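Trainee: only geometry, no sequence info:
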Ligand SMILES: C[S@@+](CC[C@H](N)C(=O)[O-])C[C@H]1O[C@@H](n2cnc3c(N)ncnc32)[C@H](O)[C@@H]1O
């Protein structure tokens, strides 16, 4: 048992006499706090998602939201954000006239936070946040889709979007572009950059690629 008074402990810290044991205790305490936060706040909802598909929550910057919205300008109808975090992109889409505006998010804390933000602004009846795995959402009727996900999952997501979205859908990716698609427009710079992809143009490109005859060697 350590019978140092708090004042003595603090003065050890102030005088740089913490020692190896003190440093180890601080490191272990910090590690435990980070682990508890990860398990209790950031990780719930992800137990059934394979590790390689888990994407952490990082909110889009103000400029990133602006760039995403600039690429959606002139479009209307339904809107979905896949992995909607604290709901900021869905709220902004609603403000710009998209309806219905829906966010899919697995983390229940973020769903609660999104609903709270919508309620605070008086838009809670106009937007919806659903606790669903984005990989299981039926996208066949979605016309305006946004994503801000890790590069490691974007190549897999390309396949799902390509298989399900209608031809007139526009997909906007924030921060990281889709690895194999060619954007029709790009907005912004650096970490705030966003890329827009027309599904129809994408399908035409894929079709043209498949129809190029392969030379035969005789
Ligand atoms: C980088 S954050 C982006 C948040 C928000 N779209 C934004 O731009 O501010 C990615 C979000 O996707 C969520 N997410 C990751 N995998 C998911 C999945 N399989 N289904 C639903 N949400 C998922 C994470 O919980 C996280 O909140």
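Mentor: Yep, it's here. All values reported here derive from a predicted model rather than from experimental measurement. Numbering: from 1, shown residues only.
Trainee: For the rest of this, base every contact and every neighbour count on C-alpha atoms.
Mentor: Noted.
Trainee: what sits against the residue nearest the centre of the chain?
Mentor: Centroid-nearest residue in the chain: residue 148, 3.8 Å away (criterion: Cα atoms, centre = their mean). Residues in contact with residue 148 (Cα atoms under 8 Å, 6 or more residues apart in numbering) are 60, 82, 83, 173, 174, 175, 176.
Trainee: Next, the first one: phi, psi?
Mentor: Torsion angles at residue 60 (phi, psi; degrees, to the nearest 10) stand at phi -70, psi 140.
Trainee: next one: the third one
Mentor: Here the main-chain torsion angles of residue 83 (degrees, to the nearest 10) amount to phi 80, psi 70.
Trainee: for it, what are its contacts?
Mentor: So residue 83 contacts 103, 104, 105, 106, 134, 147, 148, 149 (Cα under 8 Å, 6+ apart).
Trainee: The helix or strand harbouring the first one - which strands sit beside it in the sheet, and in what orientation?
Mentor: Using DSSP states H and E, residue 103 falls within strand 101-104. Each strand paired with strand 101-104, and its direction, by DSSP bridges: strand 79-82 (parallel), strand 127-130 (parallel).
Trainee: Let me know the next secondary structure element after the first one.
Mentor: Using DSSP H and E, the helix or strand that follows strand 79-82 in sequence is helix 88-95.
Trainee: Equivalent analysis for the last one, please.
Mentor: Of the helices and strands lying after strand 127-130 in sequence (DSSP H and E), the nearest is strand 144-147.
Trainee: Please parse this protein into its domains.
Mentor: 6-42, 62-207 (automatic domain parsing).
Trainee: Check the separation of the first and last residues in the last one.
Mentor: When the termini of domain 62-207 are compared using Cα to Cα, to the nearest Å, they are 37 Å apart.
Trainee: how far is it from where the chain is centred?
Mentor: 9 Å (Cα atoms, centre = their mean, to the nearest Å).
Trainee: change the start of the numbering to 7 and stick with it
Mentor: Understood, numbering begins at 7; the last thing we discussed is domain 68-213.
Trainee: ok, and does that domain reach over to the ligand?
Mentor: Yes - Domain 68-213 lies within reach of the ligand by Cα under 6 Å from any ligand atom, at 89-91, 94, 110-113, 138-141, 153-155.
Trainee: Report pLDDT for residue 116.
Mentor: Each residue has a pLDDT score; the one for residue 116 is 96.
Trainee: One more: the one 3 residues further on?
Mentor: According to the predicted model, the pLDDT of residue 119 comes to 97.
Trainee: what's around it, how many residues?
Mentor: 14 (other Cα atoms under 10 Å).
Trainee: Quick check: it is in a helix.
Mentor: Yes - if the criterion is DSSP: H, G, I helix; E, B strand; the rest coil, then residue 119 is within a helix.
Trainee: Fine, thanks again, bye for now.
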